[in-house]
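Asker: would you be able to build a 3D model of this:
(2 chains, ligands or ions: 1)
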Amino acid sequence: MGTEKIKAAYDNLQTEDVLKKAKELGLDNDTLVNMYRTMIKIRLFEEKADQLYALGKVHGTMHLSAGQEAVAVGAGFVTRDDDYLLNHHRGHGHFIASGADINKMMAEFLGKETGYCHGRGGSMHIADITANNLGANGIVGGGIELAAGVGLAVQMQKTDQLVLVLFGDGATNEGIFHESLNMSAIWDLPVIYLCENNHYGMSAEVARVSSKVPFKDRALAHGIPGYFIDGNDVLAVYEFMKNATEYTRTGKGPVFIEVETYRYFGHSKSDRNLYRSREEIEAWKKRGPILRFEKLLIDAKLINDVKVKEIYQDMGALIEKAVTFAENSPEPEIKDVMEWVYA
Amino acid sequence: MPEITYRGAIHDAMVEEMRRDKRVFLIGEDIGVYGGAFGVSQGMLAEFGPERIRETPISEQAIVGAAAGAAMVGMRPIAELMFMDFVLLAMEPLVNQAAKARYMFGGKAKVPMVIRMPSGSGTGAAAQHSQSLESILMHIPGIKVVAPSTPYDAKGLLISSIRDPNPVCFVEHKLLYKIKGEVPAEEYSIPLGVADIKHEGRDITVVTSGIMVQKSIAVARKLETEGISIEVIDPRTLRPLDTDAIARSVKKTGRLLVVHEAVKTGGWAGEVMASVSESPAFDYLDSPMRRLTGKDIPIPYNRNLEAAAVPQEEDIEREIRAILNNQY
Ligand SMILES: Cc1ncc(C[n+]2csc(CCOP(=O)(O)OP(=O)(O)O)c2C)c(N)n1
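Answerer: Next up is the predicted model:
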């Protein structure tokens, strides 16, 4: 395998061929539109979260994923409800794509008792354990630490579930990355490592802090199949994720997928964007995942301008409802602060 | 004297030591153009260049390991960890290598390094970015633990830490970065291991550190108007701990309250109280020694819960009144 990115198969295809390919992947027209709708939901959710933060309603910090929606949706539409998700700090999109209740998400951001973690966790530690969503993580590489163990449990319990672990390019430089990959490889654990290469870990540009790129080569070094694909092409993400799950679910072991994408907002709230130019950000926005998919669906006549507007309105309304729910929810009670330290 | 911030004081100490001593360099994540997660190293890349403002991948174990390795062979690294919580990823090079090299090699090695780490809650960063782990670090022979509470102390103690021939963990409470205080323009340093009386008093000794010093001083000033006289002692260095200064104050006041943000169980308040129990100062106590600490929980996200998890001024005031009234 070369170090070249695998070209999005869809870029050079005629619209009808893309649709044919999508059908082969099991994506009917409704599902395609639904994927688009979910991408819009994520984008509007992130924009709203940003506004709430600016208004001082969100405590602490948060990491927005606008620009990376194709990864969340491409992966989230493949995995099963009973698969395990190990999310990272920039994981709102993955949470939403895996079917989370945005009311409870919004409530968690506002620190309310009705939030997923009863206001104890916030954006960086949001989880839905009962739905096998094992949480976002404030520690870079935190999910990677847990992934092999969750995979081991699945293997020992002899189910056909799998583990999807998400992390950024930056996390691949933590030592645990190699320890986890090695362990999954020697035991053929059912883990899919999905690396969102958005070009920066905070201000650190990938090439400056990484000895060998693309990162999938590091997976190959551990004997794990590794792919490097266009992460702003939702169908490409879907296709590689689908193949990966089929491979992994049948006990063949871990797979590593690196997707190339870009984050629009600053890293977090302390970011003054000094390490990248406005032009660079604008150029990526022009190639953004939502615009590209929207164009395809319009060309294929699956949606039109009216439908697009309607989808934006519907998703916007859902998000407003979530904000209202969160704002009207009660605060946790101080008397309960000692609860849940031990089981 | 000019007034500068705590952040500025740390920045200035690093800059002055780097100008003075070519062996000193800064190593850590996002310390260049970004200026560090809390802006402490802003502008340093422009003056010293990427060789000495050494930006790393996100690799805490490698950062502390590299600092220890460089220190053993003649350099004087300052490692910046983005949050104190991440020292947990680097415990192996810190505890099994840096802390022990001198002793196990028969006094022949030296590891002159500083690890700077922002600690504490109050920013809404929740459980994994808000811890006060100084008690864990204090447990390790071979490392020193410094925790300044004012800009003046921050600069003077950081200069001494950089010049110290041992690994020093330098704990910076995040809520202190913005506070201002007088700092001399001329060079000075503060020796490690020497406590400071932040507020003189007769009725009760409050031993405290970091952000809790600021809170305790505010309470001392408030209660002064009622004729309650509180002595606030800031050890400044938690290891080695200036137990003599603490004992002296307890002999004078006859009462002791220890306040820290770190959780209670295994927290360093116990160490302070044990040192008094073991000393002649014990005979001077008029009431049981007490501690007011963070609750034994991870730091919660919700604003109100977060505030409830650690001592606030009202809590310190209530506890002091209770001790003085013999109500515990
Ligand atoms: C162990 C650890 N080190 C450092 C940090 C601070 N930090 C949070 S996110 C981040 C950048 C992560 O980059 P990447 O993994 O590429 O993800 P991205 O933020 O780009 O999505 C850093 C340095 C942390 N949270 N945990």
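Asker: okay, now the residue in the stretch 151-300 of chain B that the ligand sits nearest to: neighbour count?
Answerer: Proximity to the ligand, evaluated over the stretch 151-300 of chain B using Cβ to the nearest ligand atom, is greatest for B:K174 at 13.7 Å. Yep, even glycine has a C-beta here, placed from its N, CA and C like the rest. Number of residues near B:K174 (other Cβ atoms under 10 Å in any protein chain shown) recorded here: 23.
Asker: what parts of the stretch 201-328 of chain B come near chain A?
Answerer: B:295-298, B:300-306, B:308-309 (Cβ under 8 Å from any Cβ of the partner chain).
Asker: most widely separated two among the residues you listed?
Answerer: B:D296 and B:R303 (20.3 Å; Cβ to Cβ).
Asker: quick one: the residue of the stretch 151-300 of chain B closest to the ligand and B:G39 touch, right?
Answerer: No - contact criterion Cβ atoms under 8 Å: B:K174 and B:G39 do not qualify, at 11.4 Å.
Asker: so what's B:H260 up against?
Answerer: B:132, B:208-210, B:212, B:267-269, B:291, B:293-294, B:311 (Cβ atoms under 8 Å, 6 or more residues apart in numbering or on different chains).
Asker: same question for B:S135.
Answerer: Counting by Cβ under 8 Å, 6+ apart, B:S135 touches B:262, B:266-268, B:271.
Asker: and it, how far is that from B:K108?
Answerer: 30 Å (Cβ to Cβ, to the nearest Å).
Asker: now the buried members of the contacts of B:S135.
Answerer: B:262, B:267-268, B:271 (16 or more other Cβ atoms under 10 Å in any protein chain shown).
Asker: so which of those residues are in helices?
Answerer: When those are checked against helices (DSSP state H), the matches are B:268, B:271.
Asker: what is the longest helix belonging to chain A packed up against?
Answerer: Secondary structure of chain A read by DSSP H shows that its longest helix is helix A:29-54. The contact analysis (3 or more Cβ pairs under 8 Å, 6 or more residues apart in numbering or on different chains; DSSP states H and E) places helix A:29-54 against helix A:69-76, helix A:92-97, helix A:102-109, helix A:234-249, helix A:289-299, helix A:305-328.
Asker: deepest in the core, which of these is it.
Answerer: Most buried of those by mean neighbour count (mean count of other Cβ atoms under 10 Å in any protein chain shown) is helix A:69-76; its value is a mean of 29.
Asker: do that one and the ligand meet?
Answerer: No - in terms of Cβ under 6 Å from any ligand atom, no part of helix A:69-76 sits within range of the ligand; the closest distance is 10.5 Å.
Asker: what helices or strands is that helix leaning on?
Answerer: Using 3+ Cβ pairs under 8 Å, 6+ apart, helix A:69-76 sits against helix A:29-54, helix A:92-97, strand A:191-197, helix A:234-249, helix A:289-299.
Asker: redo that, cut-off 10 Å
Answerer: helix A:29-54, helix A:92-97, strand A:163-168, strand A:191-197, helix A:234-249, strand A:255-260, helix A:289-299 (3 or more Cβ pairs under 10 Å, 6 or more residues apart in numbering or on different chains; DSSP states H and E).
Asker: A:G135 is nearest to which of the ones you listed?
Answerer: Closest to A:G135 of those, according to Cβ to Cβ: helix A:92-97, at 9.6 Å.
Asker: for the stretch 201-328 of chain B, what spans make up the strands?
Answerer: Counting by DSSP state E, counting those that start in this stretch, the stretch 201-328 of chain B has strands at residues B:204-208, B:230-234, B:237-239, B:256-263, B:290-294.
Asker: do you know how far whichever residue of the stretch 101-250 of chain B sits closest to chain A is from the ligand?
Answerer: Taking Cβ to the nearest Cβ as the measure, the stretch 101-250 of chain B has B:G124 as its residue closest to chain A, at 2.8 Å. B:G124 sits 15 Å away from the ligand, going by Cβ to the nearest ligand atom, to the nearest Å.
Asker: what parts of the stretch 51-200 of chain A come near chain B?
Answerer: Those residues of the stretch 51-200 of chain A that sit near chain B, judged by Cβ under 10 Å from any Cβ of the partner chain, are A:58-62, A:89, A:108-113, A:115, A:117-126, A:137-142, A:145, A:168-177.
Asker: quick one: contacts for residue 252?
Answerer: I went with chain A, as the question did not name one. Contacts for A:K252 (Cβ atoms under 10 Å, 6 or more residues apart in numbering or on different chains) come out as A:188, A:190, A:225, A:246.
Asker: chain B was what I was after
Answerer: By Cβ under 10 Å, 6+ apart, the contact list for B:K252 reads B:200-203, B:205, B:231, B:281, B:284.
Asker: average pLDDT for stretch A:237-257?
Answerer: For stretch A:237-257, the mean pLDDT works out to 97.
Asker: equivalent analysis for stretch B:101-115, please.
Answerer: 97.
Asker: same thing with stretch A:147-155?
Answerer: 97.
Asker: chain center to it: distance?
Answerer: Chain-centre distance of stretch A:147-155: 20 Å, with Cα atoms, centre = their mean, to the nearest Å.
Asker: cool, stretch A:74-81 as well?
Answerer: 10 Å.
Asker: measure it end to end?
Answerer: End-to-end distance for stretch A:74-81: 15 Å, by Cα to Cα, to the nearest Å.
Asker: what does the stretch 101-250 of chain A have sitting close to the ligand?
Answerer: Close to the ligand, as judged by Cβ under 6 Å from any ligand atom, the stretch 101-250 of chain A has residues A:138-140, A:167-171, A:198, A:200-202.
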